[in-house]
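Q: Predicted model, plus sequence, below.
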Amino acid sequence: MHARSLAAALVEGPATVNFKAHFAGLAGRELTSMSGRQLPFEGHVARQDAISLATVIEAGGIDANLPEILHPLLEPLYALFDFFQLPAALVANQTAAMRGTRF
């Protein structure tokens, strides 16, 4: 959402966002829910230490398609945890909750 706002402020017309993320120090970590309201994650442990994720998206479509953008981006990260399959509904629910929260 920040990338969409930044693109709108910097570019007139369509803009493309190249998003990259790198997660390190994952080996031995276990999936968990900090709030306790999500799916039970217990027993899903990462065996790989790091992963890099990337996607290219049109900035104008971020707001309308955020769950559809995030789900395929995050699936490989969650799969590191004993092949955990990230439910699309979980991403949609978390995205909706995030949009209702001010940081």
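A: That came through fine.
Q: Counting by contacts, list what the helix or strand that contains A21 packs against.
A: Under the criterion DSSP states H and E, the helix or strand holding A21 is strand 16-24. With contacts taken as 3 or more Cβ pairs under 8 Å, 6 or more residues apart in numbering; DSSP states H and E, strand 16-24 sits against helix 2-10, strand 50-58, helix 62-79. For every residue, glycine as well, the C-beta is placed using N, CA and C.
Q: which parts of whichever helix or strand comes after the last one are buried?
A: Okay, so that is helix 62-79. Sequence-wise, the next helix or strand downstream of helix 62-79 (DSSP H and E) is helix 88-99. Neighbour-count burial for helix 88-99, with 16 or more other Cβ atoms under 10 Å as criterion, is recorded at L90, V91, T95.
Q: swap in stretch 63-73?
A: With burial defined by 16+ other Cβ under 10 Å, the residues of stretch 63-73 counted as buried are L66, P67, I69, L70, H71, L73.
Q: can you list the residues you listed in a markdown table and add pLDDT?
A: Written out in a markdown table, the entries for the buried residues of stretch 63-73 read as follows (pLDDT from 0 to 100):
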| residue | pLDDT |
| --- | --- |
| L66 | 92 |
| P67 | 93 |
| I69 | 94 |
| L70 | 95 |
| H71 | 96 |
| L73 | 95 |
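Q: and F23, what are its bridge partners?
A: Beta-bridge pairing of F23, defined through DSSP bridges, involves I51.
Q: There's contact between it and P76 in this structure, I believe.
A: No - counting by Cβ atoms under 8 Å, F23 does not reach P76; the two are 10.1 Å apart.
Q: who's more crowded, these two?
A: Shown here are F23 and P76; by other Cβ atoms under 10 Å, F23 has more neighbours (15 against 12).
Q: so what's that one up against?
A: Shown here is F23, whose contacts under the criterion Cβ atoms under 8 Å, 6 or more residues apart in numbering are A50, I51, S52, L53, L77.
Q: Specify which member of those is nearest to V11.
A: When these are compared for distance to V11 (Cβ to Cβ), L53 comes out closest, at 23.7 Å.
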